[in-house]
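>>> Take a look and give me a structure for this.
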Amino acid sequence: MEKTNETLFTSQFIAVLITGFAICAFLFYEMMKFADEGSLVLVILTSMSISIVAIIILKFVKHQQIKRI
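Predicted coordinates for the structure are as follows:
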């Protein structure tokens, strides 16, 4: 397989990364607030949400790399 010389860091790629990191940061902040309140269920749900966002970002990155090849 030949690799192209296209760069991976397109404007769409950077926008998705920044958006994903912002969502994760917000969810992490909310998780800490829920932990201070002592709500275990909300902490678990928020941590699962952070994981889902991270998985979506990873799948997007993988898709972009495969598309480059």
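>>> Can you show me the strands along the protein?
With DSSP state E, there are no strands along the chain.
>>> Where does pLDDT dip in it?
1-6 (pLDDT under 70).
>>> Excluding chain neighbours, give the residue nearest to the spatially most central residue of the chain in space.
The residue lying closest to the centre of the chain (Cα atoms, centre = their mean) is residue 54, at 3.4 Å. Distance criterion Cβ to Cβ, 6 or more residues apart in numbering; nearest residue to residue 54, sequence neighbours excluded, is residue 24 at 6.6 Å. The C-beta positions use only the backbone N, C-alpha and C, and glycine is treated the same way.
>>> Same question for residue 35.
residue 43 (5.2 Å).
>>> count of neighbours near that neighbour?
For residue 43, the neighbour count with other Cβ atoms under 10 Å is 18.
>>> With residue 45 instead?
14.
>>> and it, how far is that from residue 23?
15 Å (Cβ to Cβ, to the nearest Å).
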